[in-house]
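J.: One predicted model, sequence on top.
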Amino acid sequence: MKNKILISIFSLFGVVIFAQNKGLTANSDSPHAKLKSLDLHDVVWTDGFWKEQFDVETQNTLPYMWELYHNDSVSHAYANFKIAAGLEKGKHAGPSFHDGDFYKIMEGMASAYAITKDPKLDKQMDEAIAMFDKVQRADGYINTPVLIEERWGTLGPEELKKQLGFEKYNMGHLMTAACVHHRATGKDNFLNVAKGVAEFLYDFYKKASPELARNAICPSHYMGIVEMYRTVNDPRYLELANNLIDIRGTTNDGTDDNQDRIPFRQQTTAMGHAVRANYLYAGIADLYAETGEEKLMENLKLIWEDVVYRKMYITGGCGALYDGVSPDGTVYDPSIVQKIHQAYGRPYQLPNATAHTETCANIGNVLWNWRMLQLTGDAKYTDVMELAFYNSVLSGVSLQGTEFCYNNPLNVSDDLPFEQRWGHEREGYIAWSNCCAPNVTRTLAQVNNYAYNISEAGLHVNLYGSNLLKTETLNGDKLEIEQKTNYPWEGHVALNIKKAPKKEFSIFVRIPGWSEGATIKINGEAYAEKIVSGSYVELNRKWKKRDVIEIDMPMPVKLMQANPLVEETKSQVAVKRGPIVYCLETADLPVEANINNVALDVNSEFSTEKFNLKGKEVIAVKGKAFVEDTNWEKALYKPLNQDKKQIDIQLVPYFTWGNRTDGEMTVWMPY
């Protein structure tokens with residue numbers, strides 16, 4: 001089968017035959033992954049929601065990001081490479097994670113190229129890779145903030161500062177991007193650069209002291225080095241990945257913010273910086289796929305439950321706090337207390353207006369849950385992945401694809417008497433914090449890769465969206481399915497069989513956890529077995545051409561409440577329909593209404609209708625609410641005002657907020 005890794009061997013001349021798996025994660029030979037990735041080009045969006053998003057990605061976002069990161073007056077990212085290569089004189093400018101951001105754009109380009117085969121993308125990537133090759137040091141090291149200083153003789157002696165300078169984060173994204181590029185293009189030019197990086201990291205972590213080897217922030221290199229192991233089958237890279245876990249949390253200077261105050265094998269709850277945490281958990285899931293160490297999986301499951309049942313937003317967003325104090329890191333002492341930022345807080349600590357919920361953390365949630373799905377086959381991980389995709393990931397980019405959010409609050413109020421560190425308006429370039437823009441860029445180029453998985457048991461249908469699937473089973477049989485649906489706006493999905501194995505074969509269709517009363521038909525005949533929400537239903541038979549599987553998932557408007565321990569949302573509700581979370585915006589209120597004085601009428605007969613929002617057709621929810629005319633100027637408390645006026649309201653999908661106006665918004669509403 002073309003998806004099966006051809007084990008890399010060393011010939012008599014020491015030439016490596018690289019792995020041939022071409023999935024987003026090359027886990028075909030990962031012994032502890034139950035579900036395997038399909039090749040990058042196996043699933044093509046053909047219509048509907050994700051096709052529209054992919055078109056925005058390829059026509060708007062990728063060209064915009066390429067130009068932006070070549071615009072030296074704005075981002076200086078590509079200029080840093082030119083200076084490090086000695087082609088220009090100058091100093092490093094911009095954040096120290098700029099290199100990694102550029103590699104993310106490269107990964108998005110490679111993922112898009114796998115589908116479009118656009119020669120312009122191929123040429124642009126080759127141009128950039130040639131630059132990386134010029135920049136890279138002989139020992140494989142590449143990180144422009146350091147190399148520029150080295151070139152001009154101004155590098156200081158503080159080696160440890162590299163660890164806080166996103167050095168390993170940059171390298172991790174390089175390795176991941178290079179693996180994806182290799183699978184998309186068949187070329188080794190970027191992979192050769194990545195091999196140099198992997199060699200440097202192997203030597204570095206083998207020789208460095210524990211203090212010097214303290215793991216860098218935002219550990220993308222965990223995922224990157226495992227992907228390199230899968231790609232070139234060098235056992236030293238798996239050894240390195242194991243070593244990264246073994247040394248984590250073994251020094252006295254570890255912090256909860258960096259998830260290294262204690263070793264990972266002692267961690268059972270989510271702590272600290274949410275991006276760093278979710279990247280770490282995704283990387284450890286990758287390691288488990290190769291080693292099967294039960295302690296890793298045990299802790300990952302406990303941490304997942306802590307996040308999903310106590311610390312995650314209704315949108316799938318992660319990281320409640322802008323800043324705070326770790327509840328676990330130290331006994332409270334003002335002189336030594338541990339600071340955390342952009343972080344998970346205490347259980348049920350989920351503020352709305354001051355929610356941080358960085359787009360990168362929400363993408364990390366997707367990366368982690370997808371890996372957990374592939375390890376276990378459990379649909380609960382797909383539910384979280386889907387929730388984040390449709391809500392807290394998509395909210396990170398404008399409908400036009402060229403403005404971005406760093407954080408994704410659940411309430412925006414003009415009455416707050418302070419300014420957040422990051423505004424609530426999308427920007428074309430977020431100075432010093434633009435990491436989320438290239439991250440959402442690569443992620444939305446790759447959604448097709450999450451739609452299906454293959455296993456020894458059969459095909460798993462994870463995400464719904466009109467697409468054409470052309471792949472092979474693990475036995476090498478051709479499999480071709482056309483999916484037609486208007487999901488997430490409608491709950492009807494049709495899977496039309498074009499080609500299938502001659503023997504009995506299982507297709508596992510996902511019944512989302514949000515659904516109730518789903519039905520399945522095969523060639524018009526009702527599926528008679530019990531259908532359980534939040535699971536995969538196995539449909540096993542000898543499939544033939546023109547067989548049709550139909551799934552119907554009712555999509556009523558649902559009013560959601562939070563656990564009463566979430567103080568900020570007590571006696572409030574949110575509106576959800578299917579996988580989509582809704583919000584109320586100023587643009588849909590009468591002029592006299594204030595977003596914070598609106599109470600939802602839960603006895604409304606809620607209705608839905610198509611609504612064109614800045615050129616994108618969505619489903620809006622119509623209902624009624626009450627608005628009270630209370631003046632809160634210079635007042636903290638007042639007697640209850642029961643004189644309320646009823647108004648008509650419209651709610652729009654949360655991911656679309658802020659595209660029409662810069663006005664107020666809320667997800668949760670009193671009732």
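T.: Done, it's in.
J.: hey, C-alpha coordinates of stretch 382-395 in CSV?
T.: The C-alpha trace of stretch 382-395 is given here as CSV (Å, rounded to 0.1, in the frame of the first residue of the first chain):
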residue,chain,number,x,y,z
THR,A,382,-12.8,14.1,17.5
ASP,A,383,-15.6,16.0,19.2
VAL,A,384,-13.0,18.4,20.8
MET,A,385,-11.0,18.7,17.6
GLU,A,386,-14.2,19.6,15.7
LEU,A,387,-15.3,22.0,18.3
ALA,A,388,-12.0,23.9,18.2
PHE,A,389,-11.8,23.9,14.4
TYR,A,390,-15.3,25.5,13.9
ASN,A,391,-15.1,28.0,16.7
SER,A,392,-11.8,29.0,18.4
VAL,A,393,-9.5,28.2,15.5
LEU,A,394,-11.6,29.8,12.8
SER,A,395,-12.2,32.9,15.0
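J.: what are the ranges of the strands in the stretch 401-550 of the chain?
T.: Taking DSSP state E, counting those that start in this stretch to define them, one finds strands in the stretch 401-550 of the chain at 411-412, 452-454, 458-461, 467-472, 478-485, 492-499, 505-511, 519-522, 525-526, 535-541, 548-552.
J.: Just send the ones you listed back as TSV, with distance to Cys583, mean pLDDT and mean neighbour count too.
T.: The way it works is simple: take the backbone N, C-alpha and C, and place the C-beta from them, glycine included. Converted to TSV, the strands of the stretch 401-550 of the chain look like this (distance: least, C-beta to C-beta, whole Å; pLDDT from 0 to 100; neighbours: other C-beta atoms under 10 Å):
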stretch	distance to Cys583	mean pLDDT	mean neighbour count
strand 411-412	9	95	22
strand 452-454	31	98	24
strand 458-461	29	98	23
strand 467-472	28	98	20
strand 478-485	24	98	19
strand 492-499	26	98	18
strand 505-511	26	98	21
strand 519-522	30	98	16
strand 525-526	37	98	8
strand 535-541	29	98	17
strand 548-552	27	98	19
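J.: Could you point out which of those sits nearest Thr268?
T.: Thr268 lies closest to strand 535-541 among these, at 26.2 Å (C-beta to C-beta).
J.: What lies in contact with the closest one?
T.: With C-beta atoms under 8 Å, 6 or more residues apart in numbering as the contact definition, strand 535-541 has outside contacts at 377, 379, 457-458, 460-461, 504-511, 520, 522, 527, 529, 531, 549.
J.: List the neighbouring strands of that strand plus their orientation.
T.: According to DSSP bridges, strand 535-541 has the following sheet partners: strand 505-511 (antiparallel).
J.: which element is Gly254 on?
T.: Gly254 belongs to no helix or strand when assigned by DSSP states H and E.
J.: Hmm, it is touching Asp260, no?
T.: Yes. Between Gly254 and Asp260 a contact is recorded at 3.9 Å, counting by C-beta atoms under 8 Å.
J.: and those two? which has more neighbours close in?
T.: Asp260 (24 against 19; other C-beta atoms under 10 Å).
J.: Relative to Tyr205, how far out is the more buried one?
T.: Noted for Asp260: a distance of 14 Å to Tyr205, by C-beta to C-beta, to the nearest Å.
J.: Same question for Pro347.
T.: Between Pro347 and Tyr205 the distance, using C-beta to C-beta, works out to 34 Å.
J.: Who has more neighbours out of those two?
T.: For the pair Pro347 and Tyr205, the greater number of neighbours falls to Tyr205 (21 against 16), based on other C-beta under 10 Å.
J.: Would you agree the more buried one falls within a helix?
T.: Yes. Secondary structure of Tyr205 (DSSP: H, G, I helix; E, B strand; the rest coil): part of a helix.
J.: surely it meets Asn242?
T.: No. Tyr205 lies out of contact with Asn242 (C-beta under 8 Å); the separation is 10.5 Å.
J.: Dump the longest strand along the chain to PDB, keeping only the CA atoms.
T.: Once the chain is assigned using DSSP state E, the strand that runs over the most residues is strand 616-628. Taking only C-alpha atoms (Å, rounded to 0.1, in the frame of the first residue of the first chain), the coordinates of strand 616-628 have been written out as PDB:
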ATOM      1  CA  LYS A 616     -20.100  34.400   3.500                       C
ATOM      2  CA  GLU A 617     -23.400  32.600   3.700                       C
ATOM      3  CA  VAL A 618     -24.000  31.400   7.300                       C
ATOM      4  CA  ILE A 619     -26.900  30.200   9.300                       C
ATOM      5  CA  ALA A 620     -28.100  32.800  11.800                       C
ATOM      6  CA  VAL A 621     -30.300  32.100  14.800                       C
ATOM      7  CA  LYS A 622     -33.300  34.300  15.500                       C
ATOM      8  CA  GLY A 623     -35.000  34.700  18.800                       C
ATOM      9  CA  LYS A 624     -36.200  37.200  21.400                       C
ATOM     10  CA  ALA A 625     -34.600  38.800  24.400                       C
ATOM     11  CA  PHE A 626     -35.300  41.400  27.100                       C
ATOM     12  CA  VAL A 627     -33.300  44.500  27.500                       C
ATOM     13  CA  GLU A 628     -33.300  46.600  30.700                       C
END
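J.: Within its sheet, name the partner strands of that strand and how each one runs.
T.: In the sheet containing strand 616-628, the strands it pairs with under DSSP bridges are strand 598-600 (antiparallel), strand 607-613 (antiparallel), strand 644-653 (antiparallel).
J.: And the ones you listed: which comes nearest Lys168?
T.: Closest among the strands paired with strand 616-628, once you apply C-beta to C-beta, is strand 644-653, at 36.6 Å.
J.: Which SSE is immediately downstream of the closest one?
T.: Using DSSP H and E, the next helix or strand after strand 644-653 towards the C-terminus is strand 665-666.
J.: quick check: mean pLDDT across that next one?
T.: The predicted model assigns strand 665-666 a mean pLDDT of 96.
J.: for the very next helix or strand once past it, the distance to its chain's centre please.
T.: Using DSSP H and E, the helix or strand that follows strand 665-666 towards the C-terminus is strand 669-670. Here strand 669-670 is found 29 Å from its chain centre; the criterion is C-alpha atoms, centre = their mean, to the nearest Å.
J.: Mind giving me the packing neighbours of strand 669-670?
T.: Of the remaining helices and strands, those touching strand 669-670 by 3 or more C-beta pairs under 8 Å, 6 or more residues apart in numbering; DSSP states H and E are strand 572-577, strand 598-600.
J.: Let's have these in JSON lines, adding distance to Met175 and mean pLDDT.
T.: Formatted as JSON lines, the entries for these read as follows, by distance: least, C-beta to C-beta, whole Å; pLDDT from 0 to 100:
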{"stretch": "strand 572-577", "distance to Met175": "38", "mean pLDDT": "98"}
{"stretch": "strand 598-600", "distance to Met175": "48", "mean pLDDT": "95"}
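J.: what's the closest of these to Glu57?
T.: Nearest of the helices and strands packed on strand 669-670 to Glu57, taken as C-beta to C-beta: strand 572-577 at 24.8 Å.
J.: what's the angle from that closest one to strand 644-653?
T.: 40 degrees (axes from the mean of the first three to the mean of the last three C-alpha atoms, to 10 degrees).
J.: Against which helices or strands is strand 572-577 packed?
T.: Using 3+ C-beta pairs under 8 Å, 6+ apart as the contact test, the elements touching strand 572-577 are strand 557-560, strand 580-585, strand 616-628, strand 669-670.
J.: Pick the most buried one from those strands.
T.: Among the helices and strands packed on strand 572-577, strand 580-585 has the highest mean neighbour count (mean count of other C-beta atoms under 10 Å), at a mean of 26.
J.: gap between that one and the chain center?
T.: On the basis of C-alpha atoms, centre = their mean, strand 580-585 is displaced by 20 Å from the centre of the chain it belongs to.
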